[in-house]
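**Q** When you get a sec, could you give me coordinates for this:
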Amino acid sequence: MINKILSYFADSVTYENFPDAPSPDYHWLKNSDNKPLWIGIPKNKISDSQLDLLKNLFHFVENEDYTQLRGAALSWNKFLFQEGAIPSTDSDEVRFIQFHLQANEVDYAEIHEALNGFFPEHIIIWLTDSYGIIIEEKKEVSENAEELFSIASTLESDFYIKISFYIGKFQKVSAHLPHFFSRERLVFDELNRHSTRDVVYTFEKAFPMLLATNLPEHLKEIMEASILGAFGEDQELMTTIKVFLENNSNASLSAKKLYVHRNTLQYRLDKFMEKTGVNLKDLDAAVVVYLASLYEEIR
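**A** From the prediction side, this is the model:
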């Protein structure tokens, strides 16, 4: 396959080791064979769709100014993307909090300074102008979703940008860690391809959403003809069911979040169950309905 790629992109270059000063005019990819090979493809010779295809076949390194990285950030960058040595840490476990910005015009120096203020004890590595990772060592108190949601709200109000986070799983610092991060990165990449209202993701939150978007066509057809058919044009009903299930079928809490009386909530639940014959108190049924609501929301 490598030879075919090199023949198709005639101006490509290859290296047995990642170059110390990679040219910003190239996209850099690495094969996963026992004997690694780095491939540089000129940016002006490859389309976005071709690059997306190659990203699924090879390990892709976002272009960045490597000379700006120093100390621990440089060590982690080499470890994660260039098969460098395992960095020294105070803890034997770390996790990666990925972030992605959405804005028309951004002063990235100010955003970087703000993130450093929010995460003074963590390592921050920008991989593109809109995407980066925060490396958090495991301690007694870790960052949580509520804190990240508050940070996202502050950045939106102060800089008029939208930012989303993906909180990864703590893992042992070992040679396997770069591969594990690459799997988490694929999850966040897929989440960013869908339009959702969520700001902070975890694996538990992302899993049902991604599952709902990757259902086989025959399951989608059954779901659309039955459960989604009950929603019809009634967006309010779908929102009610989704909030109810997200709050562990707690009627009081769900009514409070929906700003409706508990009797109104119960009326809507009864209406849905009457239309579909689905008992929301049944766990299996609740899971299917929740996946259906996620599918309808992001398709």
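
**Q** Break the chain down into its domains, please.
**A** 2-61, 85-202, 215-298 (automatic domain parsing).

**Q** how about CSV for those domains, with distance to Met209 added?
**A** No exception for glycine: its C-beta is placed from N, CA and C like everyone else's. Output for the domains of the chain, formatted as CSV (distance: least, C-beta to C-beta, whole Å):
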stretch, distance to Met209
domain 2-61, 20
domain 85-202, 7
domain 215-298, 5
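
**Q** what comes up buried for stretch 277-284?
**A** Buried residues in stretch 277-284, counted by 16 or more other C-beta atoms under 10 Å: Val278, Leu280.

**Q** hmm, who's touching it?
**A** For stretch 277-284, contacts defined as C-beta atoms under 8 Å, 6 or more residues apart in numbering pick out Ile227, Ile241, Phe244, Leu245, Ser249, Leu269, Phe272, Met273, Ala285, Ala286, Val288, Val289.

**Q** Counting neighbours, which of these end up buried?
**A** Among those, the ones that count as buried (16+ other C-beta under 10 Å) are Ile227, Ile241, Phe244, Leu245, Leu269, Phe272, Met273, Ala285, Ala286, Val288, Val289.

**Q** Pipe the residues you listed into JSON lines and attach distance to Lys162, secondary structure and pLDDT per row.
**A** Formatted as JSON lines, those follow (distance: C-beta to C-beta, whole Å; DSSP: H, G, I helix; E, B strand; the rest coil; pLDDT from 0 to 100):
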{"residue": "Ile227", "distance to Lys162": "31", "secondary structure": "helix", "pLDDT": "86"}
{"residue": "Ile241", "distance to Lys162": "27", "secondary structure": "helix", "pLDDT": "91"}
{"residue": "Phe244", "distance to Lys162": "27", "secondary structure": "helix", "pLDDT": "93"}
{"residue": "Leu245", "distance to Lys162": "26", "secondary structure": "helix", "pLDDT": "92"}
{"residue": "Leu269", "distance to Lys162": "33", "secondary structure": "helix", "pLDDT": "92"}
{"residue": "Phe272", "distance to Lys162": "32", "secondary structure": "helix", "pLDDT": "88"}
{"residue": "Met273", "distance to Lys162": "36", "secondary structure": "helix", "pLDDT": "89"}
{"residue": "Ala285", "distance to Lys162": "35", "secondary structure": "helix", "pLDDT": "91"}
{"residue": "Ala286", "distance to Lys162": "31", "secondary structure": "helix", "pLDDT": "91"}
{"residue": "Val288", "distance to Lys162": "31", "secondary structure": "helix", "pLDDT": "90"}
{"residue": "Val289", "distance to Lys162": "29", "secondary structure": "helix", "pLDDT": "91"}
